[in-house]
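Here's my sequence, what's the structure:
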Amino acid sequence: MSRVVIGMSGGVDSSVAAYLLKKQGYDVTGVTMQIWQEEDACSVEENGGCCGLSAVDDARRVAAALDIPFYVMNFREEFQKNVIDYFAKEYYSGHTPNPCIACNRYVKWEALLRKSLSIGADYLATGHYARIERLKNGRYALRRSSTLKKDQTYALYNLTQEQLSHTLMPVGDYSKDEIRSIAGEIGLKVADKPDSQDICFVPDGNYAAFLEKETGKKASEGNFVTPDGKVLGRHKGIIHYTVGQRKGLGLALGYPAFVVEIRPETNEVVVGTYEESLTDTVRAGRLNFMSVEDITSPVRAFAKVRYNHKGAWCTAERTGEDEITCHFDEPLRAVAPGQALVLYDGEYVMGGGTIL
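Residues are numbered from 1 along each chain as shown. Here you go, the predicted structure:
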C-alpha cells in the first residue's frame, strides 16, 4: 500500500482529496503546515485561508472524521524566507510578486515533500484543481483541471519533474460543485466553507501597510510621470502600485490613466493612456519547462500572464540562456513584471517563467 502525505488547509478541497485517496486504497496521513509568523498574524478565521489558526482546527476535525493520522509541521522559517521576504523584496523592486506560486514551489513542494519522503511517504498530495500525467516523451506534466472554471495549473507551473513524479492531485477530475457535494454526502462540516480569496498573510488586502510593518521601511513619495518623463503629480510610494492599475491613482488627467511602468531606481511611477498600457511582447526568465525539456526553436503556445487572464496565443522563442520572449497575436494589457508567464500546449503546461 502506497503511503501519501496530504497537505490539509482545513478547506473543502484538501479535505475531499484526503477522502478520495483513502477510498482509492492509499495509506493517508494529513498534515497542516504551520507557517504563520505570530499567533495572530494570519487570523483569516471564518474566511478560510490556508495558514490561519482555524485551519488547523478544521483540518484536525476532518482527519478525525476520516480516521487518518494528523500532524502539524513547522515550516515558519521556510515560509518567511521563500514567501514573505521574497514578497517584500519584489514589491520594493517595483515588481508584482505572486506569493502563492513561491509557496507552492519552495514550501509545499520543497520543504513539505522532502519531509514527507523522509518519513517514508511515497507521495505528497494536495487539493489543487489540476491533473498530473506522464507523457509519451517520458516527462511529467500538469494537465488542466476537468473544469477550466477552477483550473489551478497556472500557480503550479514551476514544479520540477522530481516533484511531479511524487505528487497526487485527486480533485483535478472534479468540478467545485462535485467536490462540495462529496463533502456533504460524507458529512464533512467544511462542505460549505468559503474559498480563501486573499493572500493568507495579508488578510485585509492592504499590501503596503503589511510591507511597511514587515520591513520597517516607509515607502518614499515620488513622481507620477508620463512615458517621456513629464511630471504629472506625486505618488505615495511604489509599493502602492502595480502595472496595469487604473484605480486609486488620484490623478485627474481628463483621460483614463494606467500604470505602465514602475521605476524603482528613480522612484517614479509611469502613467499612460490605455494604448500605452498595451504590449505584444513579453519576456520571462527563471524558466521551468514541464511537458518539453526546452524550447529550441520558435513554438506556438497559448499563454497566460496572470492567474485570472483568460489566455492568448503567442509565438515563444528562446532569447537567452535563461530567457524566453513571447510575441502575442494581439496586444495585452497589465503585463506586470514579477508575475508568471505560463505557456500551454493544448491542455498541458509546456512551461513558464517570471515576467521581466
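
All the strands of the stretch 151-300 of the chain, residue numbers only.
Remark: strands assigned in the stretch 151-300 of the chain by DSSP state E, counting those that start in this stretch are 167-168, 222-225, 231-235, 258-263, 268-272, 278-289, 299-304.

and the second one, which strands flank it?
Partner strands and pairing direction for strand 222-225 (DSSP bridges) are strand 231-235 (antiparallel), strand 268-272 (parallel).

Run the chain-centre distance for the first one.
Same thing as strand 231-235. How far strand 231-235 lies from its chain's middle: 32 Å, per Cα atoms, centre = their mean, to the nearest Å.

quick one, it and strand 258-263 angle?
Angular relation of strand 231-235 and strand 258-263 on a 0 to 180 degree scale: 80 degrees, by axes from the mean of the first three to the mean of the last three Cα atoms, to 10 degrees.

Now strand 231-235: buried residues?
Buried residues in strand 231-235, defined by neighbour count with 16 or more other Cβ atoms under 10 Å: 232, 235. Backbone N, C-alpha and C define where each C-beta goes, glycine included.

what's the least confident helix or strand in the protein, going by average pLDDT?
helix 53-66 (a mean of 90; mean pLDDT, DSSP states H and E).

Show me where the protein has its helices.
12-23, 53-66, 76-79, 85-92, 99-103, 113-118, 161-165, 176-185, 207-215 (DSSP state H).

Point out where the chain drops to low pLDDT.
37-53 (pLDDT under 70).

again, 80 this time
Residues of the chain that meet the criterion pLDDT under 80 lie in 36-54, 196-198.

check contacts around the closest residue to Tyr86 other than its chain neighbours.
Setting aside the residues directly before and after it, Tyr86 is nearest to Ala102 in space (Cβ to Cβ, 6 or more residues apart in numbering), at 5.3 Å. Neighbour list for Ala102: 82-83, 86-87 [criterion: Cβ atoms under 8 Å, 6 or more residues apart in numbering].

Could you measure from the nearest residue to Gly272 once chain neighbours are set aside over to Ala336?
The shortest distance from Gly272 to any residue other than its chain neighbours is 4.2 Å, reached at Val260 (Cβ to Cβ, 6+ apart). Distance from Val260 to Ala336, counting by Cβ to Cβ, to the nearest Å: 10 Å.

now swap in Ser93 and tell me
Taking Cβ to Cβ, one finds Ser93 at 12 Å from Ala336.

quick one: Ser2 and Leu124 touch, right?
No. Using Cβ atoms under 8 Å, Ser2 makes no contact with Leu124, being 11.8 Å away.

what about these two, which has more around it?
Legend: neighbour count by other Cβ atoms under 10 Å for Ser2 and Leu124, higher for Leu124 (23 against 13).

List the residues that contact the more buried one.
Leu124 neighbours (Cβ under 8 Å, 6+ apart): 4-7, 108-109, 112-113, 116, 166-168.

Same check on Tyr274?
256, 258, 333.

again, 7 Å this time
Contacts for Tyr274 (Cβ atoms under 7 Å, 6 or more residues apart in numbering) come out as 256, 258.

ditto for Met8
Per Cβ under 7 Å, 6+ apart, neighbours of Met8: 14-15, 18, 30-32, 59, 62-63.

swap in Leu148?
Neighbour list for Leu148: empty [criterion: Cβ under 7 Å, 6+ apart].

I'm done for today, thanks for sticking with me.
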